[in-house]
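*Asks:* coords please:
(chains A and B)
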Amino acid sequence: MTSWLGQSWRRGLLTTAYPAEPASAEEVPESARPPRPGSGMVVPAEAVAGCPVGALGPSSIDDGTCIRCSRCLAHGLRFSGPVEASTSSRPALVRSIPTATTGVEGNAPMSRFGRSLHVFMVDVGSCNACNLEVLSLANPFYDMTRLGIFFTNSPRHADVLLVVGVPTAEMVEPLRRAYEALPAPKAVLAVGVCPTSGGIFVGNSGLPGPLAQIVPVDVFVPGCPPTPLGVLDGLLRLVGRARAPEGG
Amino acid sequence: MSGGPWRLADADPMREPSPPAVAYAAPDGTLTLFNDYSDGVSRLFRGPPSGPARDPVELWNARRERRGPARLGPDEPVEGYGVFTFPYGPISMGVPESGRFDVRTYGERVLALVPVGGFKARGILDSLVGRSVPDAVLRVERLAGHLSAAHTSAFLGACESAAGRSIPETELWVRALAQELQRIYNHVHVIARIAEAASQNVGLAQTHALGEEVLRLTGSLFGHRWAFGALAAGSPLRRLERSDRERAAATLARLLEEFESLWALFLESRTFIDRIQGTGPIDRDAATRWGAVGPALRATGVPWDDRLRQPVAPYTDLYLELPKEVDGDALSRVVVRAEEVRASFLLLEQMLERWPHDPSVEHAPWPAVASGRGLSRVEAPSGDLVYDVTLEEGRVRRAAMRTPSQANWPLFALGLRGGVFTDFHFALESFGLSFAETDG
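*Replies:* Numbering: from 1, shown residues only, chains lettered A, B, ... in the order given. Next up, the predicted model:
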């Protein structure tokens, strides 16, 4: 017992200061930020044509589709968007390019949750990277409980249904039933581009479409996968405590 | 825990025609690679009752075309007084993935269990057809994100073999670097999940923190915490200059120390050991008959590891020793994983020290005429991963895979027979199974 205490003592405090302080480079590797053109830059046609998911247009970029594959970096774009990229509406994820660097998303009008949140995660067809990033929020580096956010083991105890993965045909019914099991008021958080738009899997046979066509979504978190801080941003947006976007 | 570690000489298939030689029998004389499943026992791989042309990858593909839930284990009826089927899943917080377990029980004891997959079938392998290799890689990376380095390396290896294309050796080193980092992450994650199930909360927090540091290191070297997009040749995400490598080596040395001190504490923890000792046992005979792979196989005393048996660069030049365990229970599997974490740290140290001088070879784009069929095997964290890719004029014509999870599901089901409900998580996590890489 004493040795475990010694271990914890030796390691000291690991927890991030986010959201009081901005995210550090260690917490957010470059591809965790959405790509943006430099100021005054015209997006080259080759960059638009080379985008494998069609997220990049001549005058807009869809954060909800971008899988951060880095192909557009060869054409001058940079991973320089804000960490705080979650939005409360799907169209708001499509940033128009002249203003992409200045677009500021307010907190979701979700006064029904002002303090703590209980979260139930549902995987509807993910690659597990999102699941693990969400579970990372419980590790000492992020420690979401300090912000009043907790995981629950049952949808009946949850405020928020956190959905990861691209909905598969087999998961539509279980997802609907989990949503119905949540007591009101309830919210749905779509984590990653898969539930938001289908991401790289758009067009695969047998997929029923994005999450918003199955249950109403309150906040969308872009990223493939989002970093733990990206997920945290989405959760904080639900309770009106998200940090204002910085950088990019 | 017995005997010394295995070394390369022990793993000579000529010297020891170990059971994998049977499990990996050549079905048609050309493919000597796939697990051989007994007839009628696993529905997934039920082929012709006899005859030589049984290619489990083909059978798996045939199954994929029939959508719907797939039963992933021996499905024998168990009857008796009060026996009923308890379906666990597909949504539960205990298993953070979508899949179901049909448990036959009368209340406490698990009489039989069938894992049911197919809930996460995204049709990824089908979606590769007709695509160029770089476009296909974007999808393969996202098949099982926590195993992306192994999947991408195996897929690229199969494509390169199909196209008869050699690549700069540095590329193989980059892939191995990402794979070993992910192996550490996955093994540490297994230990964390077991600590969680055993209510070892300090151990869980500390192990979880170690995993996070491995992800951060991966992020700093590959620009992405799961190395998506960084294994394609010429990726702008890589940060592998000399200074980056030196920084990584220093971080790894610190993380290894962390790991050693944590693992020593776990081995002293009666609660932790008690929950996994004797849990979910499989013996050597069952493991080889069912074609187990990876730590599950090595924990029963069978020294099969692709990194030793069929080494490619850089493993041919590096020192690697494998742990030897014979009991086949969850404890043995966890000990094997812990020893492999140590071995991977050692491999990474060697790699970073002896990084090949990069002659900055210009990487040619994929030739448009590349055609052929190629196979590639990679030792993924949970075992032998096989990709079988046919290219036609530079595009994927057919892709198939046999993942460690596909191979090991029946073993998990067999191991839990006769156990109790509370054994479930310990047994499941020790196998390191994933529905994502099973369903595709």
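
*Asks:* Check chain B for the residue nearest chain A and tell me.
*Replies:* residue B:145 (2.6 Å; Cβ to the nearest Cβ). The way it works is simple: take the backbone N, C-alpha and C, and place the C-beta from them, glycine included.

*Asks:* Tell me who's in contact with the residue nearest to that residue when sequence neighbours are not counted.
*Replies:* In this structure, residue B:145 finds its nearest non-sequential neighbour in residue A:129, 2.6 Å apart by Cβ to Cβ, 6 or more residues apart in numbering or on different chains. If a contact means Cβ atoms under 8 Å, 6 or more residues apart in numbering or on different chains, then residue A:129 has A:225, B:142, B:145, B:146, B:148, B:226, B:228 as its contacts.

*Asks:* try 7 Å
*Replies:* By Cβ atoms under 7 Å, 6 or more residues apart in numbering or on different chains, the contact list for residue A:129 reads A:225, B:145, B:146, B:226.

*Asks:* Per-residue pLDDT of the residue of chain B closest to chain A, please?
*Replies:* Residue B:145 carries a pLDDT value of 95.

*Asks:* do residue B:10 as well
*Replies:* Reported pLDDT for residue B:10: 37.

*Asks:* Residue A:152 reaches residue A:117, doesn't it?
*Replies:* No: if you go by Cβ atoms under 7 Å, residue A:152 and residue A:117 don't touch, sitting 9.9 Å apart.

*Asks:* higher neighbour count, these two?
*Replies:* residue A:117 (23 against 16; other Cβ atoms under 10 Å in any protein chain shown).

*Asks:* Which residues does that one form beta bridges with?
*Replies:* Residue A:117 has these beta-bridge partners by DSSP bridges: residue A:149.

*Asks:* any idea how far it is from chain B?
*Replies:* 15 Å (Cβ to the nearest Cβ, to the nearest Å).

*Asks:* contacting residues around that residue?
*Replies:* Applying Cβ under 7 Å, 6+ apart, the residues near residue A:117 are A:148, A:149, A:159, A:160, A:235, A:238, A:239.

*Asks:* Can you list the low-confidence ranges for the stretch 201-350 of chain B?
*Replies:* Residues of the stretch 201-350 of chain B meeting the criterion pLDDT under 70: none.

*Asks:* Nearest to chain B, out of the contacts of residue A:117: which one, please.
*Replies:* Closest to chain B, out of all of the contacts of residue A:117 and judged by Cβ to the nearest Cβ, is residue A:160, at 13.2 Å.

*Asks:* Contacts only, for the closest one.
*Replies:* Each residue near residue A:160 by Cβ under 7 Å, 6+ apart is listed here: A:117, A:119, A:187, A:189, A:238.

*Asks:* Looks to me like the fourth one is in a strand.
*Replies:* It stands for residue A:189. Yes: using DSSP: H, G, I helix; E, B strand; the rest coil, the assignment for residue A:189 is a strand.

*Asks:* Can you name the residues bridging to it?
*Replies:* Residues in beta-bridge contact with residue A:189 (DSSP bridges): residue A:162, residue A:219.

*Asks:* Give me the most central residue, chain A.
*Replies:* residue A:221 (2.6 Å; Cα atoms, centre = their mean).

*Asks:* Next, count neighbours for the residue lying closest to that one once chain neighbours are set aside.
*Replies:* The shortest distance from residue A:221 to any non-neighbouring residue, by Cβ to Cβ, 6+ apart, is to residue A:234 (3.8 Å). Using other Cβ under 10 Å, residue A:234 has 28 other residues around it.

*Asks:* Close to chain A: what parts of the stretch 151-300 of chain B are there?
*Replies:* Neighbours of chain A within the stretch 151-300 of chain B, by Cβ under 7 Å from any Cβ of the partner chain: B:202-203, B:205-206, B:208-209, B:212, B:216, B:219-220, B:223-226, B:228-229, B:235-237, B:261-262, B:265.

*Asks:* Next one, pLDDT for the residue of chain A found nearest chain B please.
*Replies:* Closest to chain B within chain A is residue A:129: 2.6 Å, counting by Cβ to the nearest Cβ. According to the prediction, residue A:129 has pLDDT 96.

*Asks:* for it, phi and psi?
*Replies:* Phi and psi for residue A:129, reported as degrees, to the nearest 10, are phi -60, psi -40.

*Asks:* can you give me the strands in chain A?
*Replies:* A:35-36, A:60-62, A:78-79, A:94-96, A:117-123, A:149-151, A:160-164, A:187-191, A:219-221 (DSSP state E).

*Asks:* Ok, which of the ones you listed comes nearest residue A:26?
*Replies:* Proximity to residue A:26 (Cβ to Cβ) singles out strand A:78-79 among the strands of chain A, at 15.3 Å.

*Asks:* any low-confidence regions in chain A?
*Replies:* Low-confidence regions of chain A, defined by pLDDT under 70, span residues A:1-2, A:99-111, A:246-248.

*Asks:* any chance you could map the helices in it?
*Replies:* Secondary structure of chain A (DSSP state H): helices at A:2-11, A:45-50, A:129-136, A:172-181, A:193-197, A:228-238.

*Asks:* Now residue A:29. Nearest residue, chain neighbours left out?
*Replies:* Nearest non-adjacent residue to residue A:29, counting by Cβ to Cβ, 6+ apart: residue B:219, 3.4 Å away.

*Asks:* how close does the one you found get to residue B:239?
*Replies:* 10 Å (Cβ to Cβ, to the nearest Å).

*Asks:* now the helix or strand harbouring residue B:149, how far from the centre of its chain.
*Replies:* Counting by DSSP states H and E, the element that carries residue B:149 is helix B:148-163. Computed by Cα atoms, centre = their mean, to the nearest Å, the chain-centroid distance of helix B:148-163 equals 15 Å.
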